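A.B. asks: next comes the sequence, and after it the predicted model I'd like to discuss.
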Amino acid sequence: MAAMTDALSTLGASFITFFSIANPLGSALIFDRAVVELSRCARRRLARQVALLSGVIVIVAAVAGSDILHALGIRLDALRVAGGLIVGAQAWRLIGQNAGDRGDGRASARGALIPLTVPLTVGPGTIAAAISLGAAGGSGPHAVLHLAAVLLAVMLLAVVIAISYGNARRIIELLGKNGSCAAVQLSGFVLLCVATEMVLQGLRSTLT
């Protein structure tokens, strides 16, 4: 029972972390501007492709990221600090910007997949968080359950990305300009808290 409770807690914390960093609602504003010339059907198809590729990248990072770091001789604590700083910089930009400041680049269905997936949806901060969360379960008896909870959080994130990007125009219409600005800035504040926690966790493990 305790293991299941821990898994549910891990699921919730992981999803909140991924959601705050990836910021699918805020990123949907960029997505809408980038694919403005595509048809509604093409936008939704591209949204599903971006969500799928984003999920695959984060899953690979969560499952094999720590092994890759070990092969490169990089400590997990160093990744947490560096990732936290990157996420913090991203959060600061979100807090200080307006919805109209997010660029007006346009992309075709063929050329938008990689730019809209990396770094728009999945950036260094998301990858660093995935590696950190995937390795947090250690090698104890509940490690598999912990990793399963993290992967389920990734799948939920992919679903949210697909829905948010596929309905980006509707989200913008519902929120309006002021609502969009408020949503982006609020997500930036939550993201800054996540970044601070990542840095503190890395420093705490290094200094103790």
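C.D. replies: Sure, I can see it.
A.B. asks: can you list the weak-confidence ranges in this protein?
C.D. replies: Applying pLDDT under 70 to the chain picks out residues 1, 94, 97-114, 140.
A.B. asks: pull the longest helix from it.
C.D. replies: Ranked by residue count and defined by DSSP state H, the top helix of the chain is helix 168-207.
A.B. asks: would you mark the buried spots in that helix?
C.D. replies: For helix 168-207, a neighbour-count test (16 or more other Cβ atoms under 10 Å) marks 168, 171-172, 175, 180-181, 183-185, 187-188, 190-192, 194-195, 198-199, 201-202 as buried. All C-beta spots, glycine's among them, are computed from the backbone N, C-alpha and C.
A.B. asks: next one: the helix or strand encompassing A129 to chain centre, how far?
C.D. replies: Using DSSP states H and E, A129 sits in helix 124-135. Relative to its chain's centre, helix 124-135 lies at 9 Å (Cα atoms, centre = their mean, to the nearest Å).
A.B. asks: so which other helices or strands are in contact with that helix?
C.D. replies: Secondary-structure packing of helix 124-135 (3 or more Cβ pairs under 8 Å, 6 or more residues apart in numbering; DSSP states H and E): helix 2-22, helix 40-72, helix 76-96, helix 143-166, helix 168-207.
A.B. asks: how much does the first one deviate in direction from helix 40-72?
C.D. replies: Put plainly, it is helix 2-22. Counting by axes from the mean of the first three to the mean of the last three Cα atoms, to 10 degrees, helix 2-22 lies at 110 degrees to helix 40-72.
A.B. asks: can you pull the buried residues of helix 2-22?
C.D. replies: Buried positions in helix 2-22, judged by neighbour count with 16+ other Cβ under 10 Å: A7, T10, L11, A13, S14, F15, T17, F18, F19, S20, I21, A22.
A.B. asks: and what of the second one?
C.D. replies: When neighbours are counted by 16+ other Cβ under 10 Å, the buried residues of helix 40-72 are found to be 43-44, 46-47, 49-51, 53-55, 57-59, 61-63, 65-66, 69.
A.B. asks: same thing with the third one?
C.D. replies: By neighbour count, with 16+ other Cβ under 10 Å as the criterion, the buried positions of helix 76-96 are 76-77, 79-88, 90-91, 94.
A.B. asks: closest one to G138 out of those residues, please.
C.D. replies: When those are compared for distance to G138 (Cβ to Cβ), L76 wins out at 10.8 Å.
A.B. asks: on that earlier part again, got the angle for the helix holding A129 vs helix 143-166?
C.D. replies: Going by the same axes, to 10 degrees, helix 124-135 is angled at 150 degrees with respect to helix 143-166.
A.B. asks: CA atoms of helix 124-135 as CSV?
C.D. replies: The C-alpha trace of helix 124-135 is given here as CSV (Å, rounded to 0.1, in the frame of the first residue of the first chain):
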residue,chain,number,x,y,z
PRO,A,124,17.3,20.9,-22.1
GLY,A,125,15.3,21.6,-18.9
THR,A,126,12.7,18.9,-19.7
ILE,A,127,15.4,16.4,-20.6
ALA,A,128,17.3,17.2,-17.4
ALA,A,129,14.2,16.8,-15.3
ALA,A,130,13.4,13.5,-17.0
ILE,A,131,16.8,12.1,-16.2
SER,A,132,16.7,13.4,-12.6
LEU,A,133,13.2,11.9,-12.0
GLY,A,134,14.0,8.6,-13.7
ALA,A,135,17.1,8.2,-11.6
